[in-house]
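Asks: Have a look at this prediction, sequence included:
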Amino acid sequence: MKKLIVIITILTSSTFIFSQVNFGVKAGINTYDVHEELFESNFKDFSLTVKEAQYGFHAGVFLRAKLGPILLQPELVFNSDNVDYTFDQDGIGQTIVNQKYSALDMPVLAGLKIGPLRVMGGPVGHYHLNSITNLESEIKTKTFSDKLTLGWQIGGGFDLKKITIDVRYEANDSKIGNNLSIGGQEIAFGQNRNRIVASLGYKF
């Protein structure tokens with residue numbers, strides 16, 4: 001975590017060599033890019049299926065530095081995501097389980113401005129804060145063993161005077177459901193926590 005903060009500090013400080021620097025605020029919606037997937041236990045009479053991703057939200061701040069067509073944009077963003085699962089236990093039937101995740105995101109993006117459009121991409125660090133399920137009696141949420149994970153964002157956007165609009169795709173190495181436990185058995189789905197992120201911002 002300390003190394004990531006040092007890197008972001010250095011990159012943020014370097015924005016002062018750019019000819020134009022804007023501070024801004026942003027907010028928007030996000031959702032996991034998931035497909036239905038079944039997890040069947042070898043030890044317990046239950047199954048858990050990824051049902052669908054719900055919409056979450058995010059809000060935060062950004063710096064955008066511009067030198068000609070070159071852009072550099074570090075951000076600090078709080079985000080919340082959630083996914084619905086189908087929990088099927090013998091003798092009980094099906095229950096819809098919702099799991100909520102919250103994290104601080106730290107994207108550091110670079111890109112080009114091409115006419116009115118922006119194309120940007122770069123690494124994003126996720127510092128995981130919490131994870132909660134609505135079926136704690138059966139499904140336990142484990143403490144994050146590795147709170148800091150890394151991913152990548154790529155996307156584009158455009159500006160309308162001081163209004164900024166962005167849509168990005170985010171690829172992550174961490175797995176859906178990888179901090180869930182049922183009867184002491186860890187849940188391991190094959191798909192990653194990849195997301196689609198759309199935001200609306202304002203530059204001061």
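Replies: Structure's in. What do you need? Numbers count the residues shown, from 1 in each chain.

Asks: what about the helices in the protein?
Replies: 2-14 (DSSP state H).

Asks: Low-confidence stretches in it?
Replies: Counting by pLDDT under 70, the chain shows low-confidence ranges at 1-19, 42-44, 91-92, 136-137, 142-146.

Asks: the strands in it, which residues?
Replies: For the chain, the strands defined by DSSP state E cover 20-32, 37-40, 46-67, 70-89, 93-114, 117-133, 139-141, 148-160, 163-172, 180-182, 185-186, 195-203.

Asks: would you turn those into JSON lines with mean neighbour count?
Replies: Where C-beta positions appear, they are placed from N, C-alpha and C, glycine not excepted. Formatted as JSON lines, these follow (neighbours: other Cβ atoms under 10 Å):
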{"stretch": "strand 20-32", "mean neighbour count": "17"}
{"stretch": "strand 37-40", "mean neighbour count": "14"}
{"stretch": "strand 46-67", "mean neighbour count": "18"}
{"stretch": "strand 70-89", "mean neighbour count": "19"}
{"stretch": "strand 93-114", "mean neighbour count": "17"}
{"stretch": "strand 117-133", "mean neighbour count": "17"}
{"stretch": "strand 139-141", "mean neighbour count": "17"}
{"stretch": "strand 148-160", "mean neighbour count": "16"}
{"stretch": "strand 163-172", "mean neighbour count": "18"}
{"stretch": "strand 180-182", "mean neighbour count": "18"}
{"stretch": "strand 185-186", "mean neighbour count": "12"}
{"stretch": "strand 195-203", "mean neighbour count": "18"}
